[in-house]
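[1] Fold the following and give me the result.
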Amino acid sequence: YLVIHIKSLYIFMMKKIINLNENNKDFEHEKNFCSFFSHRCFVKFYGFVKENGNIIGFIYEYMSNDSLMHFVENQQNPIDNLYLLTIINRIFQGIKYLNIHSLGHRDLKPSNILLDHDYLPYISDFETIKKLNDKKNELDINKNSIDIGSLLYLPPEVCFQNIITKSSDIFSFGLIIFYLFEQKHMMKFNNELEENKYKIYMITNASTNMKKIYQSCVQLDPNERMTNDEIQKRIIIEINSFFNQKVYLKQLTYNSFVQYAVNFLVESMYIDIDNPVLKNFYQVVLKTKEYCALFNKQDNSDIFLYLGNLFYYGIVVEKDYNQAKECYEFSSSLKNNSISQLYLGNLYFNGYGVEQNYLQAKYYYELSVKQNNPNALISLGNLYLYGKGVKQDFLQAKKYFKLSNKISPNSDICLILGYIYGNELG
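    Next comes the predicted model:
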């Protein structure tokens, strides 16, 4: 359902729970993931809808451009390779996040990748996400009742042996790569999903490097599939190939190409901020007026966040906290960017480029905390722990540290909490 927040008139998507007793496992999986995990490449979760204390629905960001499958099926011409790489990069980042937290999605497919107003892809359908153990995970799968879209993207160990491994999502990722470049489902060629007839088809429309990623991801033996580190290295190689193609740099000035280009730049920063090729490119961007004008035309908060980071850390340019502050403020004003708000708080906390002001730092940390930024929670906790700009309050500090650790487990925070409890503070 589409729902509207009356005060802001903001449109959200509500997923209503139907027949909870029949879908209890799926509900628990989705509730657990939404409560404790979040990532920029997953559809944003805002909160639960409750009735008489019971959860009856989930509120998510509304994805206005349908699914990746809908997008591909309605393309009459080949999809631009820059956009394809942006999609692949974001899906991979989402899978990597799941693997880091020992989670498996178990149902990655084009119809579960949703597109926002800028056509940025987001992974959805959290009811299938399950915690993985180090050992094999037995699944209860009825291939006669499973959705055919899911069946086309299931790895063989799930399809034939009812087990899931850390590389199972990698296999589905490989099939999505095939789908993007060939604009058709690979498994559609197979008449029957039988183990002895399972056949892998080759990609014909991709670069040699991308073909290697695909071929390694769709190995039938889970142990022979490419690791996350290997995939990331290959994606970075692919990204660098675009930065070295002058035709793409020139196309940055064309309006029809701008949003793809800006999204590509942002995603490239996320996967490898220390990439020397990327640093060189940004050096050119920051010195070229037409590119700076291009960024100013775009309502894209992430690009200003990362431009701010370049000035904040002195990456490819000299450190300039005033320039960083301007970028963070603009980023925050565009989409209420919680990371930019965190950095603004840090500038005031440390007195970088501004007069040190703990109350102003607290203001920005609290803005960031409203969006459940775990690092902002830590920063607020530190203000109360050390009495910076506020009265020292160990109870408040403990509250913020615990909330941060709940959202994103952190061994350092566990040590601080241990210190607080051990010394009976608060």
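[2] how many neighbours does I11 have?
    The number of residues packed near I11 is 12, by other Cβ atoms under 10 Å. The C-beta positions use only the backbone N, C-alpha and C, and glycine is treated the same way.
[3] again with Y313
    Using other Cβ under 10 Å, Y313 has 12 other residues around it.
[4] Could you tell me the phi and psi values at it?
    phi -100, psi -10 (degrees, to the nearest 10).
[5] which residues in the stretch 251-400 of the chain form helices?
    Ranges of helices within the stretch 251-400 of the chain are 255-271, 276-287, 289-297, 301-313, 321-335, 338-350, 358-369, 374-386, 394-407, based on DSSP state H, counting those that start in this stretch.
[6] Just give the number of residues close to H101.
    Neighbour number of H101 under other Cβ under 10 Å is 16.
[7] what's the closest non-adjacent residue to it?
    Among residues not flanking H101 along the chain, F37 sits closest, at 6.4 Å (Cβ to Cβ, 6 or more residues apart in numbering).
[8] low-confidence ranges in the stretch 301-426 of the chain?
    For the stretch 301-426 of the chain, the stretches with pLDDT under 70 are 315-317, 426.
[9] Mind exporting the C-alpha coordinates of stretch 304-317 to CSV?
    Extracted C-alpha coordinates of stretch 304-317, given in CSV (Å, rounded to 0.1, in the frame of the first residue of the first chain):
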residue,chain,number,x,y,z
PHE,A,304,28.3,16.7,-1.6
LEU,A,305,28.9,14.5,1.4
TYR,A,306,31.9,12.9,-0.4
LEU,A,307,33.1,16.2,-1.8
GLY,A,308,33.0,17.4,1.9
ASN,A,309,35.0,14.3,2.9
LEU,A,310,37.7,15.2,0.3
PHE,A,311,38.2,18.6,2.0
TYR,A,312,37.8,17.2,5.5
TYR,A,313,40.5,14.5,5.1
GLY,A,314,42.6,16.3,2.6
ILE,A,315,42.1,13.6,-0.1
VAL,A,316,43.4,14.8,-3.5
VAL,A,317,43.1,18.4,-2.2
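[10] Distance from it to the middle of the chain?
    How far stretch 304-317 lies from its chain's middle: 21 Å, per Cα atoms, centre = their mean, to the nearest Å.
[11] cool, and stretch 36-54?
    With Cα atoms, centre = their mean, you get 15 Å for stretch 36-54.
[12] Endpoint to endpoint, that stretch covers what distance?
    18 Å (Cα to Cα, to the nearest Å).
[13] Show residues contacting that stretch.
    12, 14, 16, 31, 34, 55-61, 63, 90-91, 93-94, 97, 101, 103, 114, 121-124, 126, 270, 372, 406-407 (Cβ atoms under 8 Å, 6 or more residues apart in numbering).
[14] again with stretch 412-426
    Under Cβ under 8 Å, 6+ apart, the answer for stretch 412-426 is 378, 381, 385, 393-395, 397-398, 401-402, 404-405.
[15] Do you have the strands of the stretch 51-200 of the chain handy? List them.
    Here the stretch 51-200 of the chain has its strands, by DSSP state E, counting those that start in this stretch, at 54-61, 103-104, 113-115, 121-123, 130-131, 137-138, 163-164.
[16] nearest residue to Q232 other than its sequence neighbours?
    Leaving aside its sequence neighbours, Q232 sits nearest to I271 (Cβ to Cβ, 6+ apart; 6.5 Å).
[17] Pull the number of nearby residues for the one you found.
    Around I271 there are 17 other residues, counting by other Cβ under 10 Å.
[18] what are the ranges of the helices in the stretch 1-150 of the chain?
    Remark: helices assigned in the stretch 1-150 of the chain by DSSP H, counting those that start in this stretch are 24-36, 68-73, 81-100, 148-151.
[19] If you count contacts, what does the second one end up packed against?
    To tie it back to what came earlier, the one meant is helix 68-73. strand 113-115, helix 168-182 (3 or more Cβ pairs under 8 Å, 6 or more residues apart in numbering; DSSP states H and E).
[20] Identify each buried residue in it, please.
    Going by neighbour count (16 or more other Cβ atoms under 10 Å), the buried part of helix 68-73 is 68-69, 71-72.
[21] okay, the residues you listed in CSV with pLDDT next?
    Putting the buried residues of helix 68-73 into CSV (pLDDT from 0 to 100) gives the following:
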residue, pLDDT
L68, 97
M69, 96
F71, 95
V72, 95
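[22] and the two most separated of these?
    For the buried residues of helix 68-73, the farthest-apart pair by Cβ to Cβ is M69 and F71; their separation is 7.2 Å.
[23] Mutual contacts of the two, please.
    Among the neighbours of M69, none is also in contact with F71 (Cβ under 8 Å, 6+ apart).
[24] ok, so what distance separates L180 from F349?
    Distance, L180 to F349, by Cβ to Cβ, to the nearest Å: 43 Å.
[25] neighbour-wise, which of these two wins?
    When neighbours are counted by other Cβ under 10 Å, L180 comes out ahead of the other of L180 and F349, with 26 against 21.
[26] neighbours around N19, how many?
    There are 8 residues near N19, going by other Cβ under 10 Å.
[27] What of L385?
    Neighbour tally, L385, other Cβ under 10 Å: 22.
[28] got it, and N223?
    Neighbourhood size, N223 [other Cβ under 10 Å]: 7.
[29] Skipping adjacent residues, who's closest to it in space?
    Once flanking residues are discounted, N223 sits nearest to S167: 7.6 Å by Cβ to Cβ, 6+ apart.
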